[in-house]
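Q: kindly return the folded structure for what I paste below:
(chains A, B, C and D)
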There are 2 protein chains.
Amino acid sequence: MSTGAFDDVLSTLDAERRARRTVMSTTADRVAGQLREQVAEGHLRSGTKLPEERLAAALGVSRNTLREALGQLVAERILVREAHRGVVVSTPDADDVRDVYAARLALEPGALRQGEHAPAARVAALRAAVEEGQAALEAGDHEAVGGANQHFHHAVVALAGSDRLDAQMDLLLAEMRLFFHAMGDPRTFHEPYLAANAAICDLAEAGRWSDAAEHLTTYLTDAREQLLGGFALT
Amino acid sequence: MSTGAFDDVLSTLDAERRARRTVMSTTADRVAGQLREQVAEGHLRSGTKLPEERLAAALGVSRNTLREALGQLVAERILVREAHRGVVVSTPDADDVRDVYAARLALEPGALRQGEHAPAARVAALRAAVEEGQAALEAGDHEAVGGANQHFHHAVVALAGSDRLDAQMDLLLAEMRLFFHAMGDPRTFHEPYLAANAAICDLAEAGRWSDAAEHLTTYLTDAREQLLGGFALT
DNA sequence: TATTGCAGGATTGTTGAACAATCGGCAAGG
DNA sequence: CCTTGCCGATTGTTCAACAATCCTGCAATA
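A: Predicted coordinates for the structure are as follows:
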């Protein structure tokens, strides 16, 4: 087996190439990324129309490729398309909040219970997100607190060890950002939950996955009610 | 209120219109549906290349709109696109099986535990899927048994009451069909699990959601091992 | 023989322009 | 005031093209 080690390198390189190929650029994806970021950042507010011609010109890209990008974001529920009426930034309502939380209430505790079989590194990611939140709070950076909170919930789902689930969670968290932008985006919304995150992380590290899952369930239920309260005012 | 009944008709019609508008036609979606079905049905086997020009001509549609349709299916992981190399029907490997089952192991038991708060109609859907499977088994229709099994698992996720989760489960089940086509598609694969479905349904109807979830967890783990065994032969 | 270099053809990524279908608004008319 | 019909604007879709990239085969070379 003179080529054994060499073949290993070969296949590694090939895998890398394929990964870059399937993940990476193609202007449509890049444009989708730009728009995604503009929405996540709050620069494109809910309800704003996105006329294809002007937007394509602004992005320096053809209308067709812009169309492909818009298609991606529509699939991600960040934008909504109505036939012959154009695409607009999604304006979530109370039902959307209920639906997203119904998904999270199934997904996150389910993933947390699977944490029993997760490698230690994934549990460490949980702890890292908790500490990131603590640091952000002490620094008084409200935006970073929100970010850390999202990282925590992403880490919870990552315990399940499924790329597909991680992608789904990314979509749900993107919608959560829309919710926050739709309501007044109260800067202190996330802070009360930092303690709960820490408690859940403690339980997880102690191997008490079931307790952690139940804790998370009540946590999410509370957050949903709070959000729905905020939406009732709209 | 002379127009009361009329306004009812109006709003009904309007709701219908909006539903069709956001869900239905636009040739790209229709084409995506056709291709999706061809793959699900097994007429387009794993690994077959889909050249844009010929395929567009065959479908009687422009290359651009075909491109949009392909984009959808790529997002659904039914097809895989490599830059400048074209799209092919996804050929799942053992890692894909592991990933999909990691997702299902978090999703399905998690949704089942949420069944506690589900309306009775959703539980009835569970029972309906079980009976559909029994009938198909007695009729000796192996394909229908597989279909009923998918309906059961879809009904489990539907307990959570989230459209977004239902859509995600549709994707996972579509990938499962790819798995079955990739291996020899043993016609009797699903039959042993009908009893487990019935047991889970019994527990659910008895309100023993936690027991049902645990039962489903071992169930899914077994099925995963069996599938992985089939894939090891490839 | 096995590998390298190179041309040629084929396919994809992207663009630009066009046309029919449809939507939104505005004026005419009851 | 409400309806009707028309006009401009935007979308859905197609067509034709071009550059970039990939694959194939063949010749040249060691």
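Q: show me where chain A has strands.
A: With strands called from DSSP state E, chain A shows them at A:49-50, A:79-82, A:86-89.
Q: which of these sits closest to residue B:206?
A: strand A:79-82 (41.4 Å; Cβ to Cβ). Where you see a C-beta, it was placed from the backbone N, CA and C, and this is true even at glycine.
Q: now do stretch A:141-160, average pLDDT.
A: For stretch A:141-160, mean pLDDT rounds to 96.
Q: ignore what I typed, I meant stretch A:118-131.
A: In this model, stretch A:118-131 has a mean pLDDT of 98.
Q: next one: stretch A:225-234
A: Stretch A:225-234 comes out with an average pLDDT of 86.
Q: just the buried positions in the longest helix anywhere in chain A, please.
A: Longest helix in chain A, counting residues (DSSP state H): helix A:209-232. With burial defined by 16 or more other Cβ atoms under 10 Å in any protein chain shown, the residues of helix A:209-232 counted as buried are A:209, A:211-217, A:219-220, A:223-224, A:227, A:230-231.
Q: so which of these comes closest to residue A:104?
A: Set against residue A:104, the nearest of the buried residues of helix A:209-232 by Cβ to Cβ is residue A:220 (5.7 Å).
Q: roughly how far apart are the closest one and chain B?
A: 11 Å (Cβ to the nearest Cβ, to the nearest Å).
Q: flag every residue of chain A that's near DNA strand D.
A: A:49-53, A:63-64, A:67, A:81, A:83-87 (Cβ under 7 Å from any atom of the strand).
Q: mind splitting chain A into its structural domains?
A: For chain A, automatic domain parsing gives the domain ranges A:4-89, A:94-232.
Q: out of those, nearest to DNA strand C?
A: DNA strand C sits nearest to domain A:4-89 of all the domains of chain A, at 3.1 Å, using Cβ to the nearest atom of the strand.
Q: touching DNA strand C at all, the closest one?
A: Yes. Using Cβ under 7 Å from any atom of the strand, domain A:4-89 reaches DNA strand C at A:25-28, A:60-65, A:83-85.
Q: buried subset of the residues you listed as a ChimeraX selection?
A: The ChimeraX command for the buried members of these (criterion: 16+ other Cβ under 10 Å) is given here:
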select /A:28,61,65
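Q: can I get the residues of domain A:4-89 next to DNA strand C in a markdown table with pLDDT?
A: Formatted as a markdown table, the residues of domain A:4-89 next to DNA strand C follow (pLDDT from 0 to 100):
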| residue | pLDDT |
| --- | --- |
| A:25 | 70 |
| A:26 | 87 |
| A:27 | 93 |
| A:28 | 92 |
| A:60 | 95 |
| A:61 | 95 |
| A:62 | 96 |
| A:63 | 96 |
| A:64 | 95 |
| A:65 | 95 |
| A:83 | 88 |
| A:84 | 92 |
| A:85 | 93 |
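Q: show me the contacts for the residue nearest to the spatial centre of chain A.
A: Ranked by distance to the mean C-alpha position of chain A (Cα atoms, centre = their mean), the top residue is residue A:170 at 2.7 Å. By Cβ atoms under 8 Å, 6 or more residues apart in numbering or on different chains, the contact list for residue A:170 reads residue A:154.
Q: now do residue A:43
A: Here residue A:43 is in contact with no residue (Cβ under 8 Å, 6+ apart).
Q: check what pLDDT residue A:39 gets.
A: With respect to pLDDT, residue A:39 has a value of 95.
Q: hmm, it is touching residue A:91, no?
A: No. Counting by Cβ atoms under 8 Å, residue A:39 stays clear of residue A:91, with 11.7 Å between them.
Q: between the two, who's got more neighbours?
A: A direct count of neighbours by other Cβ atoms under 10 Å in any protein chain shown for residue A:39 and residue A:91 places residue A:39 higher, at 24 against 15.
Q: any idea how far that one lies from residue A:69?
A: According to Cβ to Cβ, to the nearest Å, residue A:39 and residue A:69 sit 12 Å apart.
Q: kindly report the same for residue A:118.
A: Applying Cβ to Cβ, the value for residue A:118 to residue A:69 is 35 Å.
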